[in-house]
Structure formats: C-alpha cells, structure tokens
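In: what follows is a predicted structure for the sequence shown.
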Amino acid sequence: MTRTEHTPDVVADGDTGASRRTLVMDWIGLACRLIFGGVMLWAGVTKAMEIEVTQRATQAFEILPYDLANVWGMLMPFVEIVVGVFLLTGFMTRFAAVFGTLLMVAFIIGIISVWVRGISIDCGCFGGGGAVTDPSYGMDLARDVALLALVGWLLVRPRTALSLDRKLFA
Amino acid sequence: MPRPDASEKLAASKPKQPSKAPLIVAIVLVVALIAGGAFALFKSQSGGWEEATGPQNSAAGGDGITLYPGKAKEGAPEVKIYEDFQCPVCHEMEKANGKQILQMAADGDIKLSFHMMSFLDGNLNNTASHDAANAAFCATDQNRFPQYHKAVYDNQPEKEGDGYTKELLKSLAPKAGIKDTAAFDKCVDDDKYSDYVEATQKKSDKDGVRGTPTVIIDGKSTADDEATFQKLVQTPNSFKSVLEEYSKK
C-alpha cells in the first residue's frame, strides 16, 4: 500500500505567533545576559585588583567574623568574574544564573542589614568632618534589585539568543 | 512493495545523549571554589602579621605606639587613637586637641597609644599614608613620635591625595628634634617598618575601626556618637570633658 497524501512536517500558521514571542524572549534573555554579565565581570575585575580593600569593605558590613569576611572578600570577586564570563558568552547559563542570583540576594541582605542597624559603610575619613555621612543605601538597593530581576529572568528562562549553550548543547 | 529502509532516519531521530561537559565544568568550578576558600581560610589563620615588630615602645602585631610609657598613674583611663596621616579630619582633631591629649599623657593622667593606619592609600591611590606612618615609627626609635606626629600634620597637603614624598618626610626630622638624621633617613628610605605599618592597619581592621579619627577610651569608641566626634574634631581642648564622660561609663 502506498500513502497517497504527504503530511507536512511542520504545522504552519498556528505556530507563527508562538515562535515570534519565543524569539523576542530569547533576545530579552540576551540583553539580560549582556547587562548582568558585563556588570559582574567589571565589578569582579575591579574588586580582584584590590583584594585588601574588598576584604576591608566586607569587614565593614559586620556580618561575617573577621577571618570569614577575609575569605569572602578574597573569593567573591572571582565568582563574579566567572559568572560574568559565563553569562556574557551564554555558557551554562542557568548554572551561572544560580550563582548570580545567590550573590545578588547576599548583597541585598547585606545592605538591608547595615541599613537597619544604622551602620555607615563609608570606610574612610570624611573631609567635611563627621563620622556618619548619609550613605545611599536606597540607591544601592534599587540598583541591586534591578540586577536581581535581570539574573532572575535567566534563572527562570536560561534559553537566550546567540549563546554558547545553543551552539554546544542544543 | 518492500518498506523503504528507514534505518538512517531512525538513527538520526534517536535522542541525543545529554552532554556530560556541563556537569564536569560545574563540578570543577565548585571544587575550585571550595579549595580556594579553604586555602584562603588557612592563610588567614597563619597570619604572620600578628608577630610583626615595630620600634621601641610599640606593641607587637601593629597594636599601637605607647606614648610616655610608665608615666601613667594608677587607674588612668586607657586612650587609643586611630588615625591616618592623609586624613584631613585627623588634622582637624590634632589642631583642636593634640596639645591637650599629649599633655595629659605626659602628666600621667591617661595611658595613651597611637595607631597609625594606612587605608587611605587605597582610596587615594598613593603610598603616602604608609610612608608617613613608617617615618613616624622611625621617629619613635628616637623618642620623637609626638613631635614628628605633629610635624607631619602641620605639613598635610591642601589637596587630599597629594600625599607626602619621602623627601618631605625626611625634611621634617629637624622640626621634630630628631638627632640622628642619618639613621632616620635610612629608616625612611628602607621603609624599615613596612611590615609593622601593614600589621597596624590589619590590627585596626580587626579592632573594628572603620574610619578615622577614632578615639577609644577604656574600650568605648567616641566615633559611635556623632556629637562627641564633632566636638573632638572641632572644639579646642574638649578632650578633657569627653574623657571624663567616657571613663565614667
């Protein structure tokens, strides 16, 4: 018996709407990767270039004890760099996004913690004369929440346009 | 009619074996992170800086220079002053209360120590705080810390960040009454107390000192109270009343 009809492999019109939306979301994902990844890489590199200052900044939060604060200060910049590079290239996107999310949550908790305790994270001496200048905790929080949203997107939807993941594993 | 050979199509449509590569990368990274953390923790435990030795009358591990040792009367309050030579606010405090503080120490009314920090080098991108602290420690070997300390502040640059050159630091020796200028110059040029300067900063970090100037009286920090801090920095000869307030607590 022969088949008299050839059934097309792809159902046409019903799919077009869905695949356009998919495409848009892939590109939103790409934007998230580039912005968040770029910020992570830049932040990680600048912190890694002055580890002692990073360690001192971590101590100033008064969350971790001295020795652990030093360990965090030494390691965290490198985690940022790896997360940054992975997300910029779209390699192991969800895995990198997990670490990116954990980092952002840690930073947000840290800022809220010093804010409610009234600790001033200005590791310096203040030209005007005053032990406590008004740190911009609100702005820092807003910035970190926005970054959390970007990496949160990638956590939920790691599929993005122009990614190494797609090339290697799709 | 015989069925067409679909073995190729079958092979092509077989589900791909999931690549093991991501898992391996993930494991390697996590192991590297844990190893790095363990290494960092181990390194911080065996901190050699706690044994760093400084000039005469200095506590090991960067724990301060004691002024007028042995002079303090029984039960005199313990006063620890943390400063950074590039800090303009420290300069203000020296102008307002430097003389009174030193006098009280000379009279034995307080047990006084200075902790010269150098974190501002990081903020200002120079080595002036380190160099000035080292020079002050060199002056301590000739018993001229109080005088040299004042001389440095008297020559603090107008613009924060201009710092102090080694030439300038050496030129302050006569102003501080330093007799053996050859030894002093060598000490400055060789950065003799470099380890002790670093240790002083680390000990200050560990002591929880986040900014300068910080004056700690019998364990209580005046930096915690804005009004007290301002008073010490701006009101001349206010140290005595602050001392009375704090040593009662």
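Out: Structure received.
In: quick one: the strands in chain B, in order.
Out: Along chain B, counting by DSSP state E, strands occupy B:65-66, B:78-84, B:111-117, B:214-217, B:220-221.
In: does chain A have contacts with the second one?
Out: Yes: contact of strand B:78-84 with chain A (Cβ under 8 Å from any Cβ of the partner chain) involves residue B:84. Every C-beta, even on glycine, is put in place using the N, C-alpha and C of the backbone.
In: starting at the chain centroid, how far to that strand?
Out: 11 Å (Cα atoms, centre = their mean, to the nearest Å).
In: ok, the fourth one next?
Out: The chain centre lies 14 Å from the centre of strand B:214-217; the measure is Cα atoms, centre = their mean.
In: just give me the neighbour total for residue B:51.
Out: 10 (other Cβ atoms under 10 Å in any protein chain shown).
In: so how far is stretch A:47-55 from its chain's centroid?
Out: 19 Å.
In: ok, residues contacting it?
Out: With Cβ atoms under 8 Å, 6 or more residues apart in numbering or on different chains as the test, stretch A:47-55 has contacts from A:69-70, A:73-74, A:76-78, A:80-81, B:119, B:122.
In: show me what counts as buried in it.
Out: Of all the residues in stretch A:47-55, those buried under the rule 16 or more other Cβ atoms under 10 Å in any protein chain shown are A:47, A:51-55.
In: for those residues, work out which two are farthest apart.
Out: A:47 and A:52 (10.7 Å; Cβ to Cβ).
In: so the spatially most central residue of chain A versus residue B:84, what's the distance?
Out: Centroid check for chain A by Cα atoms, centre = their mean gives residue A:100 as the closest residue, at 4.0 Å. According to Cβ to Cβ, to the nearest Å, residue A:100 and residue B:84 sit 36 Å apart.
In: any idea of the pLDDT on the nearest residue to residue B:63 once chain neighbours are set aside?
Out: Computed as Cβ to Cβ, 6 or more residues apart in numbering or on different chains, the closest residue to residue B:63 that is not its neighbour in sequence is residue B:203, at 5.4 Å. What the model reports for residue B:203 is a pLDDT of 95.
In: ok, residue B:203 - contacts?
Out: Contacts of residue B:203 (Cβ under 8 Å, 6+ apart): B:49-50, B:61-63, B:115.
In: repeat that with 7 Å
Out: Listed by Cβ atoms under 7 Å, 6 or more residues apart in numbering or on different chains, the contact set of residue B:203 reads B:61-63.
In: so which residue of chain B comes closest to chain A?
Out: residue B:87 (3.7 Å; Cβ to the nearest Cβ).
In: hang on, that residue packs against residue B:121?
Out: No: in this structure residue B:87 lies outside contact range of residue B:121 using Cβ atoms under 7 Å: 11.4 Å.
In: more neighbours, those two?
Out: Taking other Cβ under 10 Å, residue B:87 and residue B:121 do not tie; residue B:87 has more neighbours (27 against 23).
In: show me the contacts for the spatially most central residue of chain B.
Out: The centre of chain B sits closest to residue B:201, judged by Cα atoms, centre = their mean, with a distance of 2.4 Å. Applying Cβ under 7 Å, 6+ apart to residue B:201 gives the contacts B:117-119.
In: equivalent analysis for residue A:24, please.
Out: With Cβ under 7 Å, 6+ apart, residue A:24 has no contacts at all.
In: again, but for residue B:206
Out: So residue B:206 contacts residue A:66 (Cβ under 7 Å, 6+ apart).
In: residue B:38 versus that one, what's the distance?
Out: Look at residue B:206 and residue B:38: by Cβ to Cβ, they are 21 Å apart.
In: try residue A:83
Out: Distance from residue A:83 to residue B:38, by Cβ to Cβ: 21 Å.
In: how about residue B:209?
Out: Residue B:209 sits 29 Å away from residue B:38, going by Cβ to Cβ.
In: got phi/psi on the residue lying closest to residue A:93 once chain neighbours are set aside?
Out: Leaving aside its sequence neighbours, residue A:93 sits nearest to residue A:158 (Cβ to Cβ, 6+ apart; 3.9 Å). Main-chain dihedrals, residue A:158, degrees, to the nearest 10: phi -70, psi -10.
In: list the residues that contact residue A:158.
Out: By Cβ under 7 Å, 6+ apart, the contact list for residue A:158 reads A:93-94, A:97.
In: tell me the one of those nearest chain B?
Out: residue A:94 (9.3 Å).
In: tell me which helix or strand the closest one sits in.
Out: Assigned by DSSP states H and E, residue A:94 belongs to helix A:93-117.
In: so what touches that helix?
Out: Residues from elsewhere that reach helix A:93-117 (Cβ under 7 Å, 6+ apart): A:33, A:36, A:40, A:61, A:63, A:79-80, A:83, A:86-87, A:121, A:137, A:140-141, A:144-145, A:147-148, A:151-152, A:154-155, A:158, A:160, A:163, A:165, B:22, B:26.
In: following that helix, which helix or strand comes up?
Out: helix A:137-156.
In: and that following helix, C-alpha only, in CSV?
Out: Output of helix A:137-156 as CSV, limited to C-alpha atoms (Å, rounded to 0.1, in the frame of the first residue of the first chain):
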residue,chain,number,x,y,z
TYR,A,137,21.5,52.7,50.7
GLY,A,138,18.3,53.3,48.9
MET,A,139,20.0,53.8,45.6
ASP,A,140,22.2,50.8,46.1
LEU,A,141,19.2,48.6,46.9
ALA,A,142,17.3,49.8,43.9
ARG,A,143,20.3,49.0,41.7
ASP,A,144,20.8,45.5,43.2
VAL,A,145,17.0,44.7,42.9
ALA,A,146,17.1,45.6,39.2
LEU,A,147,20.2,43.4,38.7
LEU,A,148,18.4,40.6,40.6
ALA,A,149,15.5,40.9,38.2
LEU,A,150,17.9,40.5,35.2
VAL,A,151,19.5,37.4,36.5
GLY,A,152,16.2,36.1,37.8
TRP,A,153,14.9,36.1,34.3
LEU,A,154,17.9,34.0,33.2
LEU,A,155,17.3,31.6,36.1
VAL,A,156,13.8,31.0,35.0
